[in-house]
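> fold the following, please.
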Amino acid sequence: MTVISWIILGLLAGALAKFLLPGRDPGGLVGTTVIGIAGAFIGGWISARWLDHPISKDFYDGATWAAAIGGALVLLIGYRLLFGNSRD
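Below you'll find the predicted structure:
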């Protein structure tokens, strides 16, 4: 997969992470989108590095999607824990 497809995957993973964790985010839509993109990259890297599942060249691989969404969820939860009350 190219970097552009990872960015697209990250945008979709960020949207799915936001859907799975509804609520008010400190960064809003832009922050959640950036977290989704970063989560896709980090989830893919963790999957390839430590889970012994090389990243597929296919955009529709389920394990790649699961890694991207999982990475986005972890980053979104961490972001909410660190900056959750900053917009009160």
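> CA atoms for contacts and neighbours, from now on please.
Fine.
> packing partners for the stretch of helix or strand residue 64 belongs to?
Assigned by DSSP states H and E, residue 64 falls within helix 62-83. Judged by 3 or more Cα pairs under 8 Å, 6 or more residues apart in numbering; DSSP states H and E, the packing partners of helix 62-83 are helix 3-20, helix 28-49.
> what mean pLDDT does that helix get?
Averaged over helix 62-83, pLDDT sits at 82.
> same deal with stretch 4-22?
Stretch 4-22 comes out at a mean pLDDT of 80.
> which residue is nearest the middle of this structure?
residue 72 (2.3 Å; Cα atoms, centre = their mean).
> residues contacting that residue?
10, 13, 14, 17, 35, 36, 37, 38, 39, 40, 43 (Cα atoms under 8 Å, 6 or more residues apart in numbering).
> possible to save the helices and strands packed on helix 62-83 as TSV with distance to residue 78 and mean neighbour count?
Converted to TSV, the helices and strands packed on helix 62-83 look like this (distance: least, Cα to Cα, whole Å; neighbours: other Cα atoms under 10 Å):
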stretch	distance to residue 78	mean neighbour count
helix 3-20	13	19
helix 28-49	10	20
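> once you drop chain neighbours, what's closest to the residue nearest to the centre of the chain?
The shortest distance from residue 72 to any non-neighbouring residue, by Cα to Cα, 6 or more residues apart in numbering, is to residue 39 (3.9 Å).
> you'd agree the one you found is up against residue 65?
No - with contact defined as Cα atoms under 8 Å, residue 39 does not reach residue 65; the gap is 10.9 Å.
> between these two, which contacts overlap?
Common neighbours of residue 39 and residue 65 (Cα under 8 Å, 6+ apart) are residue 13.
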